[in-house]
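Undergrad: next comes the sequence, and after it the predicted model I'd like to discuss.
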Amino acid sequence: QVQLVESGGGLVQAGGSLRLSCAASGRTFSGSVMGWLRQAPGKEREFVAAISWSGGSKSYADSVKGRFTISRDNAKNTVYLQMNSLKPEDTAVYYCAADALARTLVTGTPRYWGQGTQVTVSS
């Protein structure tokens with residue numbers, strides 16, 4: 001059984017930082033693109049960031065460029081999202097995702113999902 005388990009969410013003041021982690025288990029994600037999506041209350045799910053297997057290719061939503069950094073440790077089957085300069089509009093449930101192609105993460109339809117972790121940014 002495939003599992004993606006997120007951790008690291010919480011409550012932070014605007015301007016603060018959080019680091020999300022996502023541990024993959026149940027199979028080897030060799031070659032997979034991994035990334036993060038988010039969904040705020042009353043809004044559609046949106047792409048945040050994605051990273052290739054090698055880590056050499058990364059993509060970000062315009063809204064988080066320059067503030068968020070995605071990375072991965074393949075030996076641990078883990079992907080991270082370092083979030084700096086957080087804003088109230090970053091408040092959402094953040095979901096870890098994985099698939100063979102980055103395109104499905106960008107369109108919000110990845111094959112594998114986590115349960116999500118809540119990030120709340122107070123003003």
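TA: Ah, there it is.
Undergrad: the helix or strand containing Tyr95 pairs with which strands?
TA: Following DSSP states H and E, one finds Tyr95 within strand 92-99. Sheet pairing of strand 92-99 (DSSP bridges) gives strand 33-39 (antiparallel), strand 112-113 (antiparallel), strand 117-122 (antiparallel).
Undergrad: what's next to the longest one, contact-wise?
TA: What it means is strand 33-39. With contacts defined as CB atoms under 8 Å, 6 or more residues apart in numbering, strand 33-39 is touched by 20, 22, 24, 45-53, 70, 72, 79, 81, 90, 92-102, 105, 108, 110, 116, 119. The way it works is simple: take the backbone N, C-alpha and C, and place the C-beta from them, glycine included.
Undergrad: okay, buried residues for that strand please.
TA: For strand 33-39, the neighbour count (16 or more other CB atoms under 10 Å) marks Val33, Met34, Gly35, Trp36, Leu37, Arg38 as buried.
Undergrad: got it, and the last one?
TA: Residues of strand 117-122 classed as buried: Thr117, Val119, Val121 (neighbour count, 16+ other CB under 10 Å).
Undergrad: can I get those in TSV with distance to Leu4 and pLDDT?
TA: TSV is the format used below for those (distance: CB to CB, whole Å; pLDDT from 0 to 100):
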residue	distance to Leu4	pLDDT
Thr117	11	98
Val119	16	98
Val121	23	98
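Undergrad: can you list those residues in JSON lines and add distance to Val12?
TA: As requested, the buried residues of strand 117-122 are exported to JSON lines (distance: CB to CB, whole Å):
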{"residue": "Thr117", "distance to Val12": "13"}
{"residue": "Val119", "distance to Val12": "8"}
{"residue": "Val121", "distance to Val12": "6"}
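Undergrad: out of those residues, who's nearest Glu6?
TA: Thr117 (4.1 Å; CB to CB).
Undergrad: shouldn't the closest one be in contact with Gly9?
TA: Yes: the pair Thr117 / Gly9 is scored as a contact, 3.4 Å apart, by CB atoms under 8 Å.
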